[in-house]
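1. sequence and predicted structure, then a few things I'm wondering about:
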Amino acid sequence: MIGRRLPQVFFALSTLALVVLIAAVYKASTPQWKHCQREFFQLEAQGEPNAVTKAAVLATPPQIHQVMLTGLQRVDRCTTCHLGVDDPTMKNAPEPFRYHAGLGPHVPSKFGCTICHGGQGLATDKDAAHGNVPFWQTPLLSREYIRASCGRCHKEGDVPGVPELTEGRHLFETQGCRGCHKLNGVGGSIGPDLTEEGANRRSPEWLERHFLTPNEVSAGSAMPNFHFTREQARALTYYMLSLTNEDMGTYYSSLRLIPSPEYGRQLFVEKNCIVCHSVGGVGSKTGPDLFGVTKRHSPGWLDEQLVNPQQVYPGSSMPEYDLETNARKAIVSFMATATPDDAQQIISHREKPLSTEEVAIEAGRRDFARFGCAGCHGTELQGGVPNPNAQGGQVPSLLHLSDDYTKEEVIAVIRNGRAAPLDNPKGPTPPLYMPSWKQLLSDEDIHQVVEFLWSKQQKSTESW
């Protein structure tokens, strides 16, 4: 019985294989992008004045359109379907044919599409091109967050029209994020390195929820709840999405924000340079006078001084600033034009001139914020961040540090690090601990941080 049915089974399987083969050939010969281009030609033909030109448009053979972006080491084929992006007559056309307004100098032939929008540039299938496939790390960004991509190139200064990026950067630097996270090699190691966070396959929605309720999104996370508002969480999400550490190449780097003396002056104020330096005798005498400094030293020397002051000038108390190339150029540009009047205007916005002791405290406050100490210890040294199985169950306040420790003991803890004392010796290791900072902070920096801590000490209220 079975033997008599074998030819029938073989015939059925052969017929099925033939159908599958025909379907595969048909699908390969009629991909989505060809249907898309035919629709575009029909739309374009509607605007032609006569039958001859309409026929010519409709007879246009379908073909793959691609942009070779050698400076970015990528190839984009997005305009295979998005055919009207640089055609103003298509401003009212339906997607994917609509004109892309507001491009300015970012022409698709030079910049492509994926540099801003994400997605998979080589793909021609819709889902694959939009990055909605397994293992593709940069799917298409939603309309709400597309402007976050501006920060991938424009890393210095404010980006016009994207205030969320400025606010996100500010929150990152002032809320102590570097205490647990590295960014461009600077910061702690309790949490993940964020240098390429924007290149990870984490959706904007996930990031925003993580900033609002970190322990609900990542169970057991050591990240404290900072009680950010939704607007603050959104701004931080913008900033995270901009962090890709992608090499943009010479052409694209040259089109970033051009360093200006005005931007340099802004940085000069933000970094509190007047705390240590004077200009034409106006300002602090701790560091060298900067009046005419660009005539005494080359731009390369000054740039290296901002990057690695100890190497250029051994024994210098100048901190190592985490500044982008154009930011450093802007500061040098300002120093080339700075006058005593500029210094006087900057000082006039300060409450009073700083003494030598106050200069050290101010520098320590700056390092406390810059290296993320506030992330665990609080912006006002109040502590209180949950730390399961540590004594007290949380990071202690530093406001009464001088009651139990000497300055030398605190300096040793900062330099060498310290594990949190256990509440239950048999319990798990507390997620938060004091890392060693001796590789990142100079002895001068550490002493200044301690001076800042001592300036914030409160007298004990206990009495007999």
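-> Looks like it came in fine.
2. for the closest residue to residue 106 other than its chain neighbours, give me its contacts.
-> Leaving aside its sequence neighbours, residue 106 sits nearest to residue 116 (C-beta to C-beta, 6 or more residues apart in numbering; 7.4 Å). For glycine as for every other residue, the C-beta is placed from the backbone atoms N, C-alpha and C. Residue 116 is in contact with 106, 146, 149-150, counting by C-beta atoms under 8 Å, 6 or more residues apart in numbering.
3. need those in CSV (columns: neighbour count).
-> CSV is the format used below for the contacts of residue 116 (neighbours: other C-beta atoms under 10 Å):
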residue, neighbour count
106, 17
146, 15
149, 22
150, 19
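4. out of these, the closest to residue 138 would be?
-> When the contacts of residue 116 are ranked by distance to residue 138 (C-beta to C-beta), residue 149 comes first, at 10.1 Å.
5. ok, for that closest one, nearest residue in space, not its chain neighbours?
-> Once flanking residues are discounted, residue 149 sits nearest to residue 116: 4.2 Å by C-beta to C-beta, 6+ apart.
6. and the gap between that neighbour and residue 147?
-> Distance from residue 116 to residue 147, counting by C-beta to C-beta, to the nearest Å: 9 Å.
7. list the contacts of residue 273.
-> Neighbouring residues of residue 273 by C-beta under 8 Å, 6+ apart: 290, 331.
8. next: residue 304.
-> Residues in contact with residue 304 (C-beta under 8 Å, 6+ apart) are 311-312.
9. how does it look with 7 Å?
-> Residue 304 makes contact with residue 312, according to C-beta atoms under 7 Å, 6 or more residues apart in numbering.
10. ok, residue 108 next?
-> For residue 108, the contacting residues are 67, 79, 85-86, by C-beta under 7 Å, 6+ apart.
11. the residue nearest to residue 106 sits in which helix or strand?
-> If you go by DSSP states H and E, residue 116 is part of helix 114-117.
12. show me the helices in the stretch 201-350 of the chain, by range?
-> 204-212, 214-217, 230-241, 249-254, 261-270, 293-296, 299-307, 309-312, 325-337, 340-348 (DSSP state H, counting those that start in this stretch).
13. from the chain's centroid, how far away is the second one?
-> In this case it means helix 214-217. The chain centroid and the centroid of helix 214-217 are separated by 21 Å under C-alpha atoms, centre = their mean, to the nearest Å.
14. packing partners of that helix?
-> For helix 214-217, the packing partners by 3 or more C-beta pairs under 7 Å, 6 or more residues apart in numbering; DSSP states H and E come out as helix 204-212.
15. then the third one?
-> Using 3+ C-beta pairs under 7 Å, 6+ apart as the contact definition, the elements that helix 230-241 packs against are helix 163-174, helix 204-212.
16. which one of those lies closest to residue 383?
-> Across the helices and strands packed on helix 230-241, residue 383 has its closest neighbour in helix 163-174 (17.4 Å, C-beta to C-beta).
17. so what touches that closest one?
-> With contact meaning C-beta under 7 Å, 6+ apart, helix 163-174 is reached by 148, 150-151, 158-159, 232, 234-236, 238-239, 242, 369-370.
18. now with 10 Å, please.
-> 145, 147-151, 154-155, 157-159, 162, 177-178, 181, 183, 194, 211, 226, 228, 231-243, 270, 322, 369-370, 372, 374, 379 (C-beta atoms under 10 Å, 6 or more residues apart in numbering).
19. give me the number of neighbouring residues for residue 230.
-> Residues contacting residue 230 under the criterion other C-beta atoms under 10 Å number 10.
20. not counting sequence-adjacent ones, nearest residue to it?
-> What sits nearest to residue 230 in space, not counting adjacent residues and going by C-beta to C-beta, 6+ apart, is residue 212, at 7.0 Å.
21. right, and the one you found touches residue 229 too?
-> Yes - using C-beta atoms under 10 Å, residue 212 is in contact with residue 229, at 8.8 Å.
22. what's the distance between residue 361 and residue 265?
-> Distance, residue 361 to residue 265, using C-beta to C-beta: 24 Å.
23. any idea which element residue 10 lies in?
-> Using DSSP H and E, residue 10 maps to helix 2-29.
24. next helix or strand past that helix?
-> Per DSSP H and E, the first helix or strand lying C-terminal to helix 2-29 is helix 32-45.
25. low pLDDT regions in the stretch 51-200 of the chain?
-> For the stretch 51-200 of the chain, residues meeting the criterion pLDDT under 70 lie at 156-158, 160.
26. common neighbours of residue 116 and residue 147, please.
-> Here residue 116 and residue 147 share the contacting residues residue 141, scored by C-beta under 10 Å, 6+ apart.
27. then residue 75 would be within a strand, right?
-> Yes - counting by DSSP: H, G, I helix; E, B strand; the rest coil, residue 75 is located in a strand.
28. that one and residue 112 touch, don't they?
-> Yes - between residue 75 and residue 112 there is a contact at 8.1 Å, judged by C-beta under 10 Å.
29. rewinding a little: can you pull the pLDDT of the residue nearest to residue 230?
-> You'll see residue 212 listed with a pLDDT of 94.
30. check residue 273 and give its pLDDT.
-> Residue 273 is assigned 89 on the pLDDT scale.
31. ignore what I typed, I meant residue 412.
-> Residue 412 is assigned a pLDDT of 94 by the prediction.
32. could you dump the helix or strand harbouring it to CSV, C-alpha only?
-> Assigned by DSSP H and E, residue 412 falls within helix 407-416. Taking Å, rounded to 0.1, in the frame of the first residue of the first chain, the C-alpha atoms of helix 407-416 are listed here in CSV:
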residue,chain,number,x,y,z
LYS,A,407,41.7,64.9,56.5
GLU,A,408,44.6,62.5,56.0
GLU,A,409,42.2,59.5,56.5
VAL,A,410,39.7,60.8,54.0
ILE,A,411,42.5,61.5,51.5
ALA,A,412,43.6,57.8,51.8
VAL,A,413,40.0,56.6,51.2
ILE,A,414,39.7,58.8,48.1
ARG,A,415,43.0,57.7,46.8
ASN,A,416,42.7,54.0,47.5
